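In: Could you work out the structure for the sequence below:
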Amino acid sequence: PLWALGWSDALAAVALGFDRLVRKRVNDRELLERKRALEAAVAERTQSLLAANEELAAVRDAYIKLAEVDALTQIGNRRYFEKELNRAMALTSRLAMPLCLMIADIDYFKAVNDRLGHPVGDEYLRKIGRVLADTARLGEDIVARLGGEEFAILLINTRQEGGQVFAERVRGAVAALELANSGGVNGRVSLSIGVTVRDPSEQIDAAQLIERADIALYQAKREGRDRIVVL
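Out: Below you'll find the predicted structure:
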């Protein structure tokens with residue numbers, strides 16, 4: 001009928017509008033679901049990256065630690081000692097504290113390797129390294145193997161008297177191990193130790209401090225070994 005002709009366009013427009021509304025809602029829902037999926041994927045990837053970074057950091061720290069640990073004795077190596085010496089020099093300078101350095105050398109160690117063999121020599125080094133680590137104050141003193149049969153000990157805020165007492169304790173503990181060395185003093189393994197202290201007022205660097213400890217050590221060797229010399 002003629003009166004109904006005008007409604008067809010209106011109904012078509014309503015149907016079209018409804019269809020567009022439905023499609024928009026469907027599209028909005030799909031977009032929302034995609035957004036959520038993308039956010040979840042990003043969060044998962046971020047978490048994976050964080051975990052990977054933590055794992056890499058752990059591996060890096062492990063490598064750094066290995067690089068500063070003597071493989072045989074499991075105490076610090078020369079690299080570790082040099083780093084800690086520089087740190088201790090700066091710290092004691094800033095806080096006006098004395099810094100004690102001692103260098104210990106196993107007497108006639110070559111005789112151990114030559115007569116008893118290198119495996120025995122290695123075992124001796126491990127035991128002496130353990131004595132040094134056990135004698136040191138945990139978290140305060142620095143103990144390291146410089147190489148061969150030579151060890152270094154750093155004592156922060158320690159004067160000559162305290163350094164000498166500590167060195168004597170170490171020397172006695174090594175003697176108490178009663179490690180055989182037919183070429184050594186009294187037929188056993190012993191230590192010669194050079195001790196020196198940097199006073200807060202002294203203007204010397206790490207190399208000069210090491211040199212002074214070495215001089216003390218060589219004097220102990222010249223005077224008969226199995227002894228302590230303080231300079």
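In: low-confidence ranges in this protein?
Out: 1-15, 18, 52, 56-66 (pLDDT under 70).
In: now the helices for it?
Out: In the chain, the helices defined using DSSP state H lie at 2-67, 78-95, 109-116, 118-135, 160-176, 206-222.
In: can you redo those helices as TSV with distance to Ile153 and mean neighbour count?
Out: Just so you know, the C-beta spots here come from the backbone N, C-alpha and C atoms, and that holds for glycine as well. What follows is the helices of the chain, written out as TSV (distance: least, C-beta to C-beta, whole Å; neighbours: other C-beta atoms under 10 Å):
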stretch	distance to Ile153	mean neighbour count
helix 2-67	20	10
helix 78-95	9	16
helix 109-116	18	16
helix 118-135	7	17
helix 160-176	7	17
helix 206-222	10	17
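In: residues contacting the nearest residue to Asn113 once chain neighbours are set aside?
Out: Excluding the flanking residues, the one nearest Asn113 by C-beta to C-beta, 6 or more residues apart in numbering is Gly121, at 4.3 Å. Contact analysis of Gly121 by C-beta atoms under 8 Å, 6 or more residues apart in numbering lists Phe109, Val112, Asn113.
In: Which one of those is nearest to Ser192?
Out: Phe109 (10.8 Å; C-beta to C-beta).
In: what sits against the nearest residue to that closest one once chain neighbours are set aside?
Out: Closest residue in space to Phe109, ignoring its immediate chain neighbours: Glu149 at 4.0 Å, by C-beta to C-beta, 6+ apart. Listed by C-beta under 8 Å, 6+ apart, the contact partners of Glu149 are Asp105, Ile106, Phe109, Leu125.
In: and Gly194, what is it in contact with?
Out: By C-beta under 8 Å, 6+ apart, the neighbours of Gly194 are 102-104, 213-220, 228-229, 231.
In: do Leu217 as well
Out: Leu217 touches Ile103, Ala104, Asp105, Ser192, Ile193, Gly194, Val229, counting by C-beta under 8 Å, 6+ apart.
In: same deal with Gln164?
Out: Counted by C-beta under 8 Å, 6+ apart, Gln164 has contacts Val195, Ile228, Val230.
In: cool, Glu178 as well?
Out: So Glu178 contacts Arg188 (C-beta under 8 Å, 6+ apart).
In: any idea how far Glu140 is from it?
Out: 29 Å (C-beta to C-beta, to the nearest Å).
In: Serialize the contacts of Leu217 to CSV and add fields for distance to Arg130.
Out: Formatted as CSV, the contacts of Leu217 follow (distance: C-beta to C-beta, whole Å):
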residue, distance to Arg130
Ile103, 18
Ala104, 14
Asp105, 17
Ser192, 19
Ile193, 17
Gly194, 22
Val229, 25
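In: are any of those residues buried, and which?
Out: Ile103, Ala104, Asp105, Ser192, Ile193, Gly194, Val229 (16 or more other C-beta atoms under 10 Å).
In: If you count neighbours, what's buried in stretch 144-155?
Out: For stretch 144-155, by 16+ other C-beta under 10 Å, it's Ala144, Arg145, Leu146, Glu149, Glu150, Phe151, Ala152, Ile153, Leu154, Leu155.
In: Adding neighbour count and distance to Arg29, write the contacts of Gln164 out as CSV.
Out: Formatted as CSV, the contacts of Gln164 follow (neighbours: other C-beta atoms under 10 Å; distance: C-beta to C-beta, whole Å):
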residue, neighbour count, distance to Arg29
Val195, 28, 80
Ile228, 22, 84
Val230, 19, 84
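In: Select, out of the helices of the chain, the one closest to Asn186.
Out: It's helix 160-176; of these, that one is closest to Asn186 (C-beta to C-beta) at 8.7 Å.
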